[in-house]
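> Quick one: sequence and predicted model below, then my questions.
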Amino acid sequence: MLSADAAGGARLTAVNGRAEALDLQIGDRLADARARAGTYVQVRDADPDADADALRRLALWGLRYTPLSSPWPEDMGGDGFFLDVTGASHLFGGEMALLKDLARRLSQFGLDARCALAETPGAAWALSRFHHGLPVILIPGEEKQALSPLPIEALRIDGETSATLRRLGFKTVGTLIDRPRAPFAARFDGKLLTRLDQALGRAAEPLGFIMPPALYHARRQLLEPVSHQDAIVAIMARLMRDLVPELTRDGMGVRHLRLDLFRVDGVVASLDLGLARPSRDPAHVTKLAALKLDRLASDIDAGFGFETLTLSATQVEPMTARQESLLDRIDDHDTSEREAMLIDSLMHRLGEDRVRRLVARASHIPEQAGGIVLAAQVQTPSQQKPHTGPRPFLLLPKPEAAEVLSLLPEGPPRRFRWRGVMRNAVQADGPERIAGEWWRDRQGEPDLTRDYYVVEDEIGHRFWLYREGVQDRETDPPRWFVHGFFA
Amino acid sequence: MLSPAPHRMEIDDLRRLLPLLEGDALARANLPFGIPAIDGHLPRGGLPLGALHEVRAVDFVALPAAFGFSLALLGRIDRRKPLILIAGRSLAEHGRIYYHGLAALGVNPERLIWVAPRDRRQVLWAMETSLRSGIPAAVIAMVAEGLHLHDSQRLQLAAKTAGIPLVLVSARKAARSNVAVTRWAIDAAPAGRDRFGLIAQARWRVKLERCRNGRPGEWLVEWNHAAYRFRLAAALADPALPESAGNSAAWRLTG
């Protein structure tokens, strides 16, 4: 038994079969239950978070049947999940075979499953809870007859509502179905009628699916579980080839893929693959998966092997059709496409954050004008104009303080000490004044005016130094910083 | 499309021949500096493209000079193709590559792909993958320590097969023995001045320390960022150099 603290003392929140035999029920006070049982009962604290977590994992496992799986939230009991098997049941030999397979596998996990299949989530929920003789499949259109004999709790309503209804004499769903609606709407909140309509298919019910529905989806079930990386890559290639005809038909290429690996014991491992450009080339996608697996091999625990693999395209983009054969011959015909392939390879082996490109941004503050972004995010060339003044090709992300000697307070530097080395400024070109972006309200320190100098020392090393703040007006004394290096 | 059938067949035939020619050309393609004095020291009058090269900064402070020289040199190869820069921590001391400063070295910043591998093994992998893909115009890698002989042989082969140069930039004192076709030592040099006495053209002390099928040499090279080309900064003969700039006490011409 599990118990949790509630108003007026601990109450039971879950009981197993043997406790039920002792006529103990959910909601009983723990003290009463102990007294009534008359024998030793084992009580543990309930852990709702762990339960929700376990349910989520189970719902993830449910993805082996269909890409649409939705765990029940708290107000539905939080003890089951929906699978939308529309268009997926034939893969398992029909709906009944699917349900039996589902129940059998769940019982192998030690779970006592009650499975029902219906046109609406509401009806399926009601049947799975209150119907005798499961698994059951409801023929479309018979919701009314099937639900009528069930108790009103089958409508997914809270305890208070059901208690009030019972007091008023409404004990089964059937007694509610054909009643005038207005009095109910006035007496109860809208939830009751909504739930009734949802169960009967009169109102649509959006489900919170655990994964965004995949746009394109392919699945392989294996006779023998696989655990070897090469085998997974080979199956991945076949899955991708399965997707190609549909992608080609719709003129789409994939930008993001997810490979789900279903382990024999119900654990699911997922592999996300992002592409720099839309593609539907199985060889390319497979290569990326292989590279990614190389990197993640130690993180994925194959256990006794994977029995099912699914590949879902979670993001697709239009791709212009072209003749493959032509491309093969004229090799450098589409450089940018081949460039994207190289970026993909590098990203998947080294990590997405390890491959970057430079972009220009609209700002005249040097460190904000030039950015470094993930190569995966760059879409179009930047449209910013290059800055006109001399700019170093290496820039310190955080300017480093330098001690500077100059003859005049506002004059160019003569000598400067930076990183512990004193250097003579043989030449100092400037200043180039860059005003702070005063119109942007930054918290903390305001942007001060900077006077930049290109400074060359005796040997010929060229630095980019600046003095921060205009003397007397903004700061006193001015501070100097080294900001970049010229070739 | 108005190309009649027979015409197109001829073009197709010619296209089929193209890769053959290219393959041959790839093995021999090279990149001249455009300076006879330097090109004369290099095999077939230019820097061999499909090869491993080593560019060494004479000290740590000269690393920007060595790196800038390499970028200016490689930026001139096929401007449509990307430049791969492989640099992890070794560049961090000198900050990051900056968009607006690259144009002065003749490199379109949009071409650059910066790869930052985590460790040595990944650096090697990234270099080899980039080369074998045949896609970039060149690969520049900042390496803290030298390559093992075996690794350098592997990379030299990859560079040769793809016809893409791989340039290793480092700030090490002495080079470990490897199969690099050329080895350069770069030091900073006072820049060329314009007629107002302002810093105008970047200059480097370029020393060719080793060159297979060529001979070593030492020059003072100047980068003309308007014309995107190198030239010798012969201080005495350079009319662009005003006398005042020669006052610098450190001014010594070598080579």
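Perfect, I can see it now. Residues are numbered from 1 along each chain as shown, chains lettered A, B, ... in the order given.

> element containing B:Leu208?
In the assignment (DSSP states H and E), B:Leu208 maps to strand B:199-211.

> so does that strand get close to chain A?
Yes - Strand B:199-211 reaches chain A (C-beta under 8 Å from any C-beta of the partner chain) through B:Ile199, B:Ala202, B:Arg203, B:Trp204, B:Arg205. No exception for glycine: its C-beta is placed from N, CA and C like everyone else's.

> Could you do stretch B:140-149 as well?
No - using C-beta under 8 Å from any C-beta, stretch B:140-149 never reaches chain A; the gap is at least 11.2 Å.

> Quick check: pLDDT value at residue 25.
With no chain named, the answer covers chain A. At A:Gln25, the predicted lDDT confidence score is 77.

> ah, no, chain B please
B:Ala25 carries a pLDDT value of 50.

> now do the one 5 residues further on
The predicted structure scores B:Asn30 at 85 on the pLDDT scale.

> That one: how many residues sit nearby?
Applying other C-beta atoms under 10 Å in any protein chain shown, we find 16 residues neighbouring B:Asn30.

> Leaving out the residues flanking it, which one is nearest to it?
B:Gly46 (3.3 Å; C-beta to C-beta, 6 or more residues apart in numbering or on different chains).

> Hmm, B:Ile35 and the one you found touching each other?
No - counting by C-beta atoms under 8 Å, B:Ile35 is not a contact partner of B:Gly46; they are 10.6 Å apart.

> Could you pull up the mean pLDDT of stretch A:356-368?
85.

> What lies in contact with it?
For stretch A:356-368, contacts defined as C-beta atoms under 8 Å, 6 or more residues apart in numbering or on different chains pick out A:369-375, A:378, A:382, A:384-387, A:391, A:395, A:397, A:399, A:434, A:436-437, A:447, A:483-484, B:97-100, B:102, B:109-110, B:112-116.

> picking up where we left off before, report the buried members of the residues of strand B:199-211 next to chain A.
Among the residues of strand B:199-211 next to chain A, those scoring as buried are B:Ile199, B:Ala202, B:Arg203, B:Trp204, B:Arg205 (criterion: 16 or more other C-beta atoms under 10 Å in any protein chain shown).

> would CSV of those with pLDDT be doable?
CSV is the format used below for these (pLDDT from 0 to 100):
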residue, pLDDT
B:Ile199, 90
B:Ala202, 92
B:Arg203, 94
B:Trp204, 95
B:Arg205, 94
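
> now for those, which pair is the farthest apart?
Largest separation among those by C-beta to C-beta: B:Ile199 and B:Arg205, giving 16.6 Å.

> Apart from its chain neighbours, what residue comes closest to B:Arg231?
B:Arg231's closest residue in space is B:Glu222 (C-beta to C-beta, 6+ apart), at 5.5 Å.

> next SSE after the helix or strand where that neighbour lies?
Assessed by DSSP H and E, B:Glu222 sits inside strand B:217-224. Toward the C-terminal end, the helix or strand that comes next after strand B:217-224 (DSSP H and E) is strand B:229-232.

> can you list the weak-confidence ranges in the stretch 1-150 of chain A?
A:6-8 (pLDDT under 70).

> Get me the contact residues on it for chain B.
So far as C-beta under 8 Å from any C-beta goes, the stretch 1-150 of chain A does not lie against chain B anywhere.

> for the stretch 1-150 of chain A, what spans make up the helices?
Under the criterion DSSP state H, counting those that start in this stretch, helices of the stretch 1-150 of chain A are mapped to A:17-21, A:30-37, A:48-61, A:95-108, A:121-130, A:143-147.

> how much space is there between the residue nearest to B:Arg231 and B:Ala104?
13 Å (C-beta to C-beta, to the nearest Å).

> ok, now which ones touch the closest residue to chain A within the stretch 51-200 of chain B?
In the stretch 51-200 of chain B, no residue comes nearer to chain A than B:Gly68, which is 2.1 Å away by C-beta to the nearest C-beta. Residues near B:Gly68 by C-beta under 8 Å, 6+ apart: A:Phe393, A:Phe486, A:Ala487, B:Leu105, B:Ala202, B:Trp204.

> ok, now with 10 Å
The neighbourhood of B:Gly68, defined by C-beta atoms under 10 Å, 6 or more residues apart in numbering or on different chains, consists of A:392-394, A:462, A:485-487, B:101-102, B:104-105, B:107, B:169, B:186, B:188, B:202, B:204, B:223.

> which secondary structure element contains it?
helix B:63-74.

> same question for that helix, mean pLDDT?
Helix B:63-74 comes out at a mean pLDDT of 94.

> Give me the angle between that helix and strand B:217-224.
80 degrees (axes from the mean of the first three to the mean of the last three C-alpha atoms, to 10 degrees).

> what about B:Glu145, how many neighbours?
B:Glu145: 10 neighbours (other C-beta under 10 Å).
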